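Asks: Mind looking at a prediction? Sequence and model below.
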Amino acid sequence: HFTNVIVNILDNAIKYTPESRAPIIDVTTENVGTNILLRIKVQGSGMSKAAQKRVFEKFYREHTGDRHDVKGHGLGLAYVKRIVEDHQGHISVESEKDKGSTFIIKLPLIS
């Protein structure tokens, strides 16, 4: 299931990047104490502060303005959050409208 977490975030990165440019995605990892941080940074359309607060809720979708080609039901990131939490982890997002988003997944290291 954890592979689906990564695939879902990457799929959203592609879906929400304007068609006029290719998505730019950086994936980094960092060991922090007894945890690993996985950061997925996407230079795309970004999201509003209001959307950042709700993006992991079931059925939530931010309006995409005049773009009507973004498919989905608003379940993907809720699923991502559930899987991360089932692994005793935490997920958050930092974003700026028209700049991009960084999804941060914190997971405990297996000892």
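Replies: Yes, it's here.
Asks: Run through the helices of this structure in chain order.
Replies: 2-15, 49-54, 76-86 (DSSP state H).
Asks: Switch these over to TSV; also include distance to residue 99 and mean neighbour count.
Replies: For glycine as for every other residue, the C-beta is placed from the backbone atoms N, C-alpha and C. Formatted as TSV, the helices of the chain follow (distance: least, C-beta to C-beta, whole Å; neighbours: other C-beta atoms under 10 Å):
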stretch	distance to residue 99	mean neighbour count
helix 2-15	13	16
helix 49-54	13	13
helix 76-86	19	18
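Asks: so where's the chain shaky on pLDDT?
Replies: 62-74 (pLDDT under 70).
Asks: Check the burial of the closest residue to residue 32 other than its chain neighbours by counting its neighbours.
Replies: Leaving aside its chain neighbours, residue 32 sits nearest to residue 106 (7.8 Å; criterion: C-beta to C-beta, 6 or more residues apart in numbering). Per other C-beta atoms under 10 Å, the neighbour tally for residue 106 reads 17.
Asks: Many thanks, we can stop here.
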